[in-house]
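Student: let's see this in three dimensions:
(one chain, ligands or ions: 1)
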Amino acid sequence: MVNDTHKDKYGFIDAELERRIDSGRLRRLRKVTPLNGIEIDISGRHLLNFCSNDYLGLATHPQLRKRAIEFIEKYGAGSTASRLICGNYDFYESVENKLAQLKQVPAALVLSSGFQANISAIPALADPQALILSDQLNHNSLIQGCRLARCKVAVYRHNDLSHLAQLLEQHSDKGFSGIFIVTESVFSMDGDMADLAGLVTLSKKFNAFLIVDDAHATGVFGHQGMGLTCGHDIDLVIGTFGKAGGSFGAYFACAEKTKQYMINCCAGLIYSTALPPAVLGAIDAALDLIPAMDDQRQSLRNNAAYLRQSLNKMGWRTGNSSTQIIPVMIGKEAAALEFSSWLEENGILISAIRPPTVPEGASRVRLSLSALHTREQIDRVIELFGKWRAKN
Ligand SMILES: Cc1ncc(COP(=O)(O)O)c(C=O)c1O
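Tutor: Next up is the predicted model:
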């Protein structure tokens, strides 16, 4: 092949950026300054935040700040290496034991981020001869993880366990090295829940390995707020501390031998610098606080139910949302963007979610609630949704 030395090596970048500008899909980073748990400053304007994942308001909690500082003072700013080299500082063991006890599982393993956990756990478990059955609406990190496994991936219709059962029936005894089912517990873009009991039954019946991403349920649902997966016999639970946990990082909750396997086979743990001490300090404090936050969880649920019912009464469709994540279906991408900008002009930050994150024609604005939101603030949102409806 002739090497075309005159070819612009940045051509593909220019083309993609132009394509995104032309289609109105160019993503941009905006400078944001947090003011408190639910207000932020964007370009000098104070906005009420209805798109953060800080569901319990822990990101600004004094105890998380304090413990993070204590850990920095004791251990320094960085962990200096991967956990398998010399980064496995003594706090890991106590944090992981605390987490395993709260999650009611034999073992827990802390990882750097939910994205890193998902993209490395799945290929660590599923070899190229395996089969993965993946929910249609799984988060991008799970999709990337499935791709990296380089095995056959079959997608089942969202939350449709009869479709999943059909695929399991069809593919069992076909010589796969293993069968894996991958789902979220609370779906990040739709705010609905998976039927975990049904999934466990199917995984047992077909001897399939069940992986559940509990990212949006950790802190919010389940016994002591420790996730929807609590009490279910799930082979690998993955969760994050960057959402209701208020800081950063991720975890696996699993059997002791699965933990040992991951320490040996999960590239995201082996080949990455351990999280800095400050983050583990914040996680440690969050794990002390979350179990006692039933009142905040109740306010969060009440806030979500009140907002959803009020929007539904006006005729807005919120899909199958039953959690603190409420998608309001708009349909056309341009309309979702226009609505989100108008809300922002009126002091409320609610992001538009559009393709490729959701399918074509399924653009929406997505609200996520915090236990810190007041009824007055929610009423302001309801009023604006009413006004927009009246004028469009
Ligand atoms: C369902 C789900 N899993 C995983 C992640 C990634 O987690 P993290 O932000 O800790 O990387 C996200 C984040 O948006 C998510 O929504």
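Student: Cys51 and Ile353 touch, don't they?
Tutor: No. Taking contacts as C-beta atoms under 8 Å, Cys51 lies outside contact range of Ile353: 9.5 Å. For glycine as for every other residue, the C-beta is placed from the backbone atoms N, C-alpha and C.
Student: neighbour count: these two, which is higher?
Tutor: Under the criterion of other C-beta atoms under 10 Å, the comparison of Cys51 against Ile353 puts Ile353 first, with 22 against 18.
Student: which residues touch the more buried one?
Tutor: 189, 327, 336, 363-366 (C-beta atoms under 8 Å, 6 or more residues apart in numbering).
Student: out of those, which comes closest to the ligand?
Tutor: Taking C-beta to the nearest ligand atom as the measure, the ligand lies nearest Met189 of the contacts of Ile353, at 8.2 Å.
Student: what strand or helix carries that closest one?
Tutor: Using DSSP states H and E, Met189 sits in no helix or strand.
Student: may I have stretch 117-131 as PDB, with CA atoms only?
Tutor: Once non-C-alpha atoms are left out, stretch 117-131 reads as follows in PDB (Å, rounded to 0.1, in the frame of the first residue of the first chain):
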ATOM      1  CA  ALA A 117     -15.200  -1.200  36.900                       C
ATOM      2  CA  ASN A 118     -17.700  -2.000  34.200                       C
ATOM      3  CA  ILE A 119     -15.300  -1.900  31.200                       C
ATOM      4  CA  SER A 120     -12.900  -4.200  33.000                       C
ATOM      5  CA  ALA A 121     -15.100  -6.600  35.000                       C
ATOM      6  CA  ILE A 122     -17.000  -7.900  32.000                       C
ATOM      7  CA  PRO A 123     -14.000  -8.900  29.900                       C
ATOM      8  CA  ALA A 124     -12.300 -10.300  33.000                       C
ATOM      9  CA  LEU A 125     -15.200 -12.700  33.400                       C
ATOM     10  CA  ALA A 126     -16.400 -13.400  29.900                       C
ATOM     11  CA  ASP A 127     -13.800 -14.900  27.500                       C
ATOM     12  CA  PRO A 128     -14.300 -14.800  23.700                       C
ATOM     13  CA  GLN A 129     -16.200 -18.100  23.800                       C
ATOM     14  CA  ALA A 130     -18.800 -16.800  26.200                       C
ATOM     15  CA  LEU A 131     -22.200 -15.400  25.600                       C
END
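Student: list the buried ones in that stretch?
Tutor: 117-126, 130-131 (16 or more other C-beta atoms under 10 Å).
Student: coming back round to it: between Cys51 and Ile353, what contacts are shared?
Tutor: Common neighbours of Cys51 and Ile353 (C-beta under 8 Å, 6+ apart) are Arg366.
Student: any idea which residue is closest to the centre of the chain?
Tutor: Taking C-alpha atoms, centre = their mean, the centroid of the chain lies closest to Ala215, which sits 4.4 Å from it.
Student: list phi and psi for the closest residue to Gly219 other than its chain neighbours.
Tutor: Nearest non-adjacent residue to Gly219, counting by C-beta to C-beta, 6 or more residues apart in numbering: Ala244, 2.6 Å away. Note on Ala244: its backbone torsions stand at phi -60, psi -20 [degrees, to the nearest 10].
Student: next one: Ala108
Tutor: The phi/psi pair for Ala108 (degrees, to the nearest 10) reads phi -140, psi 150.
Student: mind listing the strands for this protein?
Tutor: Listed in chain order, the strands of the chain (DSSP state E) span 32-34, 39-42, 45-49, 107-111, 131-135, 152-156, 179-184, 209-213, 236-240, 250-254, 325-331, 348-349, 351-353, 363-368.
Student: any chance of CSV for these, columns distance to Gly268 and mean pLDDT?
Tutor: Converted to CSV, the strands of the chain look like this (distance: least, C-beta to C-beta, whole Å; pLDDT from 0 to 100):
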stretch, distance to Gly268, mean pLDDT
strand 32-34, 27, 95
strand 39-42, 30, 96
strand 45-49, 30, 97
strand 107-111, 6, 98
strand 131-135, 17, 98
strand 152-156, 19, 98
strand 179-184, 16, 98
strand 209-213, 14, 98
strand 236-240, 11, 98
strand 250-254, 9, 98
strand 325-331, 26, 97
strand 348-349, 31, 98
strand 351-353, 26, 95
strand 363-368, 26, 97
